[in-house]
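Engineer: I need the structure of the sequence given here:
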Amino acid sequence: MNNAQLGGVTQKAQSVNQLLSTKEDIKAASRPVVSFSGTQQNELLAALPRQDLETLFEHLELVPMPFGKELFEYGSKLEYVYFPTTSIVSLLYVMEDGATTEIAVVGHEGVVGVSLFMGERAMCSAVVQSAGYGYRLKTQYLRDAFNRGGALPQLLMRYTNALFAQMAQNAVGGRHSSIEQKLCRWLLDRLDRSPGNELKVTQELISIMLGVRRESITAAAGKLQDEGLIQYRRGNITVLDRAGLEEYAGECYKVAKTEYDRLLMDVAR
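Structural biologist: Below you'll find the model as predicted:
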C-alpha cells in the first residue's frame, strides 16, 4: 500500500469516527435534561445528599413509562433500575399456567429492579400499571455507586426492608382478608402513589392483580359504592371517603403503611 492509499484509508477512518461521534452527540442531545428539581419527584432520589445525587446525573435518563410496558420478566437479566416519578409499577408473580398475582407496587416512593450482584436475575416481573415517567439507570452504574459508599447503600437497604414489609403484609392479607378488604387495600396502595383521588382502572385488571374472579370484584366494588366509599364508572374509580376506606381495609393496610412510612422517614432524617 503506497502513501496515497494509506492516506485515503486514514481519512476514511477519521470520517467514520467523526460520524459515530456525531451520532452519539445527537443521541445525547435528544435525551431529556436531568435536573435536580426533576429528580425530587422520586422520594429515594430526593433523600440523597445533593452531592451524591449529582454524581448520578450523567447516567440517569428520564424515560416515558407507558401503560402495560414490561420493564423486566421473571428470570431475565436486570439491566436497568427505574425510579418512578409519575408512573406506578406492579411487581408480579406469574405461574406456569399464566395466572398472575401482584406481590408489591412501586411508585414515586421507590425503585424497581435493584441488582447489587453481577449477573443477578429477576425474581418477579415488573409491569407499568399507571402511565407516567421515571428515571432509568444502568444497574452497573448503581452497583458502582453502591460500592463507593455514602448515603446510597443505607438508603437502598432501608427501602428493601420497606418493600419486604409490603410483600409480607400482602401475603398475610391475601390469606386472611375478605375480598372487600383486599380491594380497599389495593385502591389505597394506588391512591398513596397518585396525585388525586381518581384511579383509571378496570375491574378486569383488579381481578387479575388480586388473583380473584372478576365477578367477585364487581360485587365488592358495588358494596363499597353503596356504602359511599367510592364511585365507580366504567374504567374509573373515584375515592369519596378515604378514611372510611382505610377503616374498611383494616389492619393489613395500616400495619404495612405505618412500617413503610417509619422506614422511609428514618432515611430522610
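
Engineer: and P153, backbone torsions?
Structural biologist: For P153, the backbone dihedrals (degrees, to the nearest 10) come out as phi -60, psi -50.

Engineer: Need the nearest residue in space to it, chain neighbours excluded.
Structural biologist: Nearest non-adjacent residue to P153, counting by Cβ to Cβ, 6 or more residues apart in numbering: F146, 5.3 Å away. No exception for glycine: its C-beta is placed from N, CA and C like everyone else's.

Engineer: Check which helix or strand the one you found maps to.
Structural biologist: helix 139-147 (DSSP states H and E).

Engineer: Let's verify L224: helix, strand, or coil?
Structural biologist: helix (DSSP: H, G, I helix; E, B strand; the rest coil).

Engineer: Spell out, range by range, the helices that occur in the stretch 101-250 of the chain.
Structural biologist: 139-147, 151-176, 179-191, 203-210, 214-226, 242-249 (DSSP state H, counting those that start in this stretch).

Engineer: Turn these into TSV, columns for distance to A122.
Structural biologist: Conversion of those to TSV gives the following (distance: least, Cβ to Cβ, whole Å):
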stretch	distance to A122
helix 139-147	11
helix 151-176	14
helix 179-191	21
helix 203-210	18
helix 214-226	28
helix 242-249	29
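
Engineer: any idea which of those is most buried?
Structural biologist: Of all the helices of the stretch 101-250 of the chain, helix 179-191 carries the top mean neighbour count, a mean of 22, counting by mean count of other Cβ atoms under 10 Å.

Engineer: Quick one: end-to-end distance for stretch 188-198.
Structural biologist: 11 Å (Cα to Cα, to the nearest Å).

Engineer: Pull the residues that contact it.
Structural biologist: With contact meaning Cβ atoms under 8 Å, 6 or more residues apart in numbering, stretch 188-198 is reached by 86, 88, 105-109, 129-130, 199, 201, 236-240, 242, 245-246, 249, 253, 257.

Engineer: that older thread, centre of the chain versus the helix holding F146, how much separation?
Structural biologist: Centroid separation for helix 139-147 versus its chain: 18 Å, with Cα atoms, centre = their mean, to the nearest Å.

Engineer: Also stretch 55-73?
Structural biologist: How far stretch 55-73 lies from its chain's middle: 9 Å, per Cα atoms, centre = their mean.

Engineer: Over to stretch 145-152?
Structural biologist: Relative to its chain's centre, stretch 145-152 lies at 21 Å (Cα atoms, centre = their mean).

Engineer: likewise stretch 145-163?
Structural biologist: Stretch 145-163 sits 16 Å away from the centroid of its parent chain (Cα atoms, centre = their mean).

Engineer: With only the CA atoms kept, save that stretch in PDB.
Structural biologist: The C-alpha coordinates for stretch 145-163 follow below in PDB (Å, rounded to 0.1, in the frame of the first residue of the first chain):
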ATOM      1  CA  ALA A 145     -22.300   4.000  43.300                       C
ATOM      2  CA  PHE A 146     -23.300   1.500  45.900                       C
ATOM      3  CA  ASN A 147     -19.700   0.300  46.300                       C
ATOM      4  CA  ARG A 148     -18.400   3.800  46.700                       C
ATOM      5  CA  GLY A 149     -20.400   4.100  49.900                       C
ATOM      6  CA  GLY A 150     -22.000   7.200  51.200                       C
ATOM      7  CA  ALA A 151     -25.800   7.600  51.700                       C
ATOM      8  CA  LEU A 152     -26.900   5.400  48.800                       C
ATOM      9  CA  PRO A 153     -26.200   1.900  50.300                       C
ATOM     10  CA  GLN A 154     -28.100   2.700  53.500                       C
ATOM     11  CA  LEU A 155     -31.000   4.200  51.500                       C
ATOM     12  CA  LEU A 156     -31.300   1.100  49.300                       C
ATOM     13  CA  MET A 157     -31.100  -1.300  52.200                       C
ATOM     14  CA  ARG A 158     -33.800   0.500  54.200                       C
ATOM     15  CA  TYR A 159     -36.000   0.700  51.100                       C
ATOM     16  CA  THR A 160     -35.600  -3.000  50.500                       C
ATOM     17  CA  ASN A 161     -36.700  -3.600  54.100                       C
ATOM     18  CA  ALA A 162     -39.800  -1.500  53.500                       C
ATOM     19  CA  LEU A 163     -40.600  -3.400  50.300                       C
END
